[in-house]
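*Asks:* give me a 3D structure for the following:
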Amino acid sequence: MRVLVLADDLTGALEVGALFAGRGLPALVTMETRLDPECLEETVLVHVINTETRHLAPDEAFRIVHTIARAARDKGIRYIYKKTDSTLRGNIASELSAIAAAFPDFPLVYVPAYPRLGRTIIDGKLYVNGVPVSETSYSDDKLNPVLESHVPALLKAAGLPVHSIRADALHEPMPAAVYVLDGTTEEDLRSAARFFAVTRQLSLAAGPAGFAPHFADFVNLPRSAPPPMPSIRSCLVINGSRHEMSVAQIQHAEAQGWLVIDTTSVSSAPSGWVILRNPPLNSPSELDFVARLGELVRNILKQISLDAMVVFGGDTVYGILKAIGLNSVWPIGEVLPGVPVTRVKAVALASVRRMRKQDFYLITKAGGFGTPDLLTLVRERLLES
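*Replies:* Predicted structure coming up:
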């Protein structure tokens, strides 16, 4: 009775891991694209793998996800949860095809809605705050432009058998296919999760992190007390996202009087919550930019001791953890919707600060999530912890 979550980017992996951990189901997020023995220990009920496949070619994404899914099937893992982007970015069709190929006789329930973040599904079409996703700024995403709002059409183009239904229309038996669920409210998601957890036929689910807390509430697994939120006194904010909402969040914090520093003044910056002004990194691509930013942050962590970092953007988080050399982290919970808090064990930072004795914390979010005052709200809540 375990849950394996496959996420195509790191912010998504951390978010869904935090939603399980915050409900008393211990989770571990790894960057290794295999079933790590550490994750098969009794204490880990939810194993989240960041496959880092969002920007890969579809056939390569299929291969990676299919290999892991087959290994999970062979080990008898009870539930597979394919975490997808809430705005349909990435290789969703090929990755769901990979799951279906590994479990050819099993139905897969896909719940693309995330109502509390404004993502709703009506007649199979994804809306972001009432606007079809292909008509929003996500259509201009430099790495993954979203050109299709109708989810069944997106999946059928990959040759998948698809049914578009309401959550209250779920029933048994269900022939092997992908079932795309309409949803506009949290109760729609709860209804789907309630059915999913009580039936013996269903083992495969997919969707953004919005489905995870409801699934976690109903799944029959032993629980423990959720870990407490840390008290964060010193924190560096790093924005690697170009999304207009992330830019607005930084600007709002600056208008509220937050200190902004650059790389030349890091070592002399006062302790507290500060924003790092991104240096002009001459990079041929977005991915090269975040790799260089990751190395920059690694050097900063060598110079100063921090309690935590706030990082915007999945590629940026991945670039930082890769530069530091981290392969696994421990989710704690969400400080705000879509903003997970994750623990990095002190021993894992030995390559950066050899004598560090306190654990380190990551507060992360995808570029388009949140309101303009997000940073102020996060700081208030973690200073009070």
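
*Asks:* okay, and the helix or strand of the chain with the least pLDDT?
*Replies:* Across the helices and strands of the chain, the lowest-confidence element by mean pLDDT, DSSP states H and E is helix 286-303, at a mean of 85.

*Asks:* and the next helix or strand past it?
*Replies:* Past helix 286-303, further along toward the C-terminus, the next helix or strand under DSSP states H and E is strand 308-312.

*Asks:* then the very next helix or strand once past that following strand to CSV, C-alphas only?
*Replies:* Proceeding N to C from strand 308-312, the next assigned helix or strand is helix 314-324, under DSSP H and E. C-alpha atoms of helix 314-324 as CSV (Å, rounded to 0.1, in the frame of the first residue of the first chain):
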residue,chain,number,x,y,z
GLY,A,314,10.7,24.8,-11.4
ASP,A,315,13.6,25.0,-13.8
THR,A,316,15.4,27.3,-11.3
VAL,A,317,14.8,25.1,-8.3
TYR,A,318,16.1,22.1,-10.3
GLY,A,319,19.2,24.1,-11.4
ILE,A,320,20.0,25.1,-7.8
LEU,A,321,19.6,21.6,-6.3
LYS,A,322,21.6,20.1,-9.1
ALA,A,323,24.4,22.7,-8.5
ILE,A,324,24.4,21.9,-4.8
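
*Asks:* show me what secondary structure element comes after helix 314-324.
*Replies:* Taking DSSP H and E as the definition, the helix or strand that follows helix 314-324 towards the C-terminus is strand 328-336.

*Asks:* list the strands paired with that following strand, with their directions.
*Replies:* Neighbouring strands of strand 328-336 in its sheet, by DSSP bridges, are strand 27-30 (antiparallel), strand 339-344 (antiparallel).

*Asks:* what's the helix or strand that comes right after the first one packed up against?
*Replies:* Toward the C-terminal end, the helix or strand that comes next after strand 27-30 (DSSP H and E) is strand 46-50. Contact partners of strand 46-50 among helices and strands, from 3 or more Cβ pairs under 8 Å, 6 or more residues apart in numbering; DSSP states H and E: strand 3-7, helix 10-21, strand 27-30. In short, each C-beta sits where N, CA and C put it, glycine included.

*Asks:* what angle do strand 328-336 and strand 46-50 make with each other?
*Replies:* Going by axes from the mean of the first three to the mean of the last three Cα atoms, to 10 degrees, strand 46-50 is angled at 100 degrees with respect to strand 328-336.

*Asks:* so in that sheet, which strands flank strand 46-50, and in what orientation?
*Replies:* In its sheet, and by DSSP bridges, strand 46-50 pairs with strand 3-7 (parallel), strand 27-30 (parallel).

*Asks:* mean neighbour count, the helices and strands packed on strand 46-50: which tops it?
*Replies:* Comparing the helices and strands packed on strand 46-50 by mean neighbour count (mean count of other Cβ atoms under 10 Å), helix 10-21 comes out on top with a mean of 30.

*Asks:* export that helix to PDB, keeping only CA atoms.
*Replies:* This file holds the C-alpha atoms of helix 10-21, laid out as PDB (Å, rounded to 0.1, in the frame of the first residue of the first chain):
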ATOM      1  CA  LEU A  10      10.600  20.000  -9.500                       C
ATOM      2  CA  THR A  11       8.200  22.600  -8.300                       C
ATOM      3  CA  GLY A  12       5.400  20.200  -9.100                       C
ATOM      4  CA  ALA A  13       7.100  17.300  -7.300                       C
ATOM      5  CA  LEU A  14       7.700  19.400  -4.200                       C
ATOM      6  CA  GLU A  15       4.100  20.700  -4.200                       C
ATOM      7  CA  VAL A  16       2.400  17.300  -4.400                       C
ATOM      8  CA  GLY A  17       4.900  15.900  -1.900                       C
ATOM      9  CA  ALA A  18       4.000  18.700   0.500                       C
ATOM     10  CA  LEU A  19       0.300  18.000   0.100                       C
ATOM     11  CA  PHE A  20       0.700  14.400   1.100                       C
ATOM     12  CA  ALA A  21       3.200  15.200   4.000                       C
END
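
*Asks:* now do it, average pLDDT.
*Replies:* pLDDT averaged over helix 10-21 equals 94, rounded to a whole number.

*Asks:* so which of the strands paired with strand 328-336 is nearest Ala113?
*Replies:* In this view, the strands paired with strand 328-336 are compared for proximity to Ala113 by Cβ to Cβ, and strand 339-344 is the closest at 19.4 Å.

*Asks:* helix or strand right after the closest one?
*Replies:* Past strand 339-344, further along toward the C-terminus, the next helix or strand under DSSP H and E is strand 360-365.

*Asks:* contact partners of the next helix or strand after that next one?
*Replies:* Elements were assigned by DSSP H and E; along the chain past strand 360-365, the next helix or strand is helix 374-384. Outside of helix 374-384, the residues within contact range by Cβ atoms under 8 Å, 6 or more residues apart in numbering are 229-233, 235, 237, 249-250, 252-253, 256, 258, 273, 308, 310, 335-336, 339, 341, 363, 365, 371.

*Asks:* now swap in stretch 121-131 and tell me
*Replies:* Under the criterion Cβ under 8 Å, 6+ apart, external residues in contact with stretch 121-131 comprise 87-88, 112-113, 118-120, 132-133, 136, 138, 149-153, 164, 180-184.

*Asks:* hmm, back to that, so how do I select the buried members of the contacts of helix 374-384 in ChimeraX?
*Replies:* ChimeraX command restricting the contacts of helix 374-384 to the buried ones, with burial defined by 16 or more other Cβ atoms under 10 Å:
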select :229,230,232,235,237,249,250,252,253,258,273,308,310,335,336,339,341,363,365
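
*Asks:* export whichever strand or helix holds Ile121 as CSV, just CAs?
*Replies:* When secondary structure is defined by DSSP H and E, Ile121 falls within strand 119-122. Output of strand 119-122 as CSV, limited to C-alpha atoms (Å, rounded to 0.1, in the frame of the first residue of the first chain):
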residue,chain,number,x,y,z
ARG,A,119,-8.1,26.1,-13.2
THR,A,120,-11.4,24.5,-14.1
ILE,A,121,-12.6,21.9,-16.6
ILE,A,122,-15.9,22.3,-18.5
